[in-house]
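>>> Structure of the sequence below:
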Amino acid sequence: MAHFSKVLMFSKEDFDDWNIRMQAHLAAQDDDRWFVITNGPLKILKPNTTIAVTEDAQEMVEKQRSEWTSEDKKKANLDNVAKDILYKTLDKNTFSKIKMCPTTKEIWEKLIQISEKNEQTKEKKLSVAMQKFENLKMKDGETLREFDERFSILVNELAALGKELDNREVALKLMRALPRE
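Predicted coordinates:
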């Protein structure tokens, strides 16, 4: 099992980044681990042998726990593993808000709700980011590469907040932000 040395601590303020990093982290460890977060715990199934099989599809039924193979047990435990990873990223206050959620899918949905619950906060973040965009200028002594990095981060932040900038708007901003020689 993969282990990460730096815990990605949950933050309402940096939820968008945390969300992307956790998705990547969980999916990188096991595609099914991300599946249980988006779809709920995996059901361990087997073909139903008590009814006639049709040519198109065979009906599946849940396996009894006593029939599980080692692989079945690993799959069934993915929700617990993902839950453990999420718990380790939460502070005491946030944990208290999700601790009664029985599945990682419900935990994840609750964390999204906690983080995006306040639409005013998102609007404020967008307003601040737009103000930064409007006032963006290349700093004295700043290289073009450094400016480009700051500019790209800001454009990505705006996109994450739902602000679509058209190419013309971006080009005009760049022309105004760069020093004239």
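>>> and the next element down the chain from the helix or strand hosting residue 111?
In this assignment (DSSP states H and E), residue 111 forms part of helix 104-116. Moving toward the C-terminus from helix 104-116, the next helix or strand (DSSP H and E) is helix 119-135.
>>> neighbouring contacts of the helix holding residue 111?
10, 12, 15, 19, 36-41, 79, 82-83, 86, 94, 97-98, 101, 122 (C-beta atoms under 8 Å, 6 or more residues apart in numbering). Where you see a C-beta, it was placed from the backbone N, CA and C, and this is true even at glycine.
>>> What are the buried residues along stretch 85-102?
Using 16 or more other C-beta atoms under 10 Å as the burial criterion, the residues of stretch 85-102 that qualify are 85-86, 89-90, 94, 98, 101.
>>> Show me how far it is from its chain's centre.
16 Å (C-alpha atoms, centre = their mean, to the nearest Å).
>>> what about it, average pLDDT?
Across stretch 85-102, the average pLDDT comes to 95.
>>> Who are the contact partners of residue 39?
Residue 39 touches residue 105, counting by C-beta under 8 Å, 6+ apart.
>>> Distance of it relative to residue 32?
Per C-beta to C-beta, to the nearest Å, residue 39 is found 10 Å from residue 32.
>>> Likewise for residue 23?
Taken as C-beta to C-beta, the span from residue 23 to residue 32 is 14 Å.
>>> Residue 124 now?
38 Å.
>>> Look at the closest residue to residue 162 other than its chain neighbours and report its pLDDT.
Closest residue to residue 162 apart from its sequence neighbours, by C-beta to C-beta, 6 or more residues apart in numbering: residue 126 at 7.0 Å. What the model reports as pLDDT for residue 126 is 87.
>>> Any idea how many residues pack against residue 126?
Neighbour count of residue 126, defined by other C-beta atoms under 10 Å: 16.
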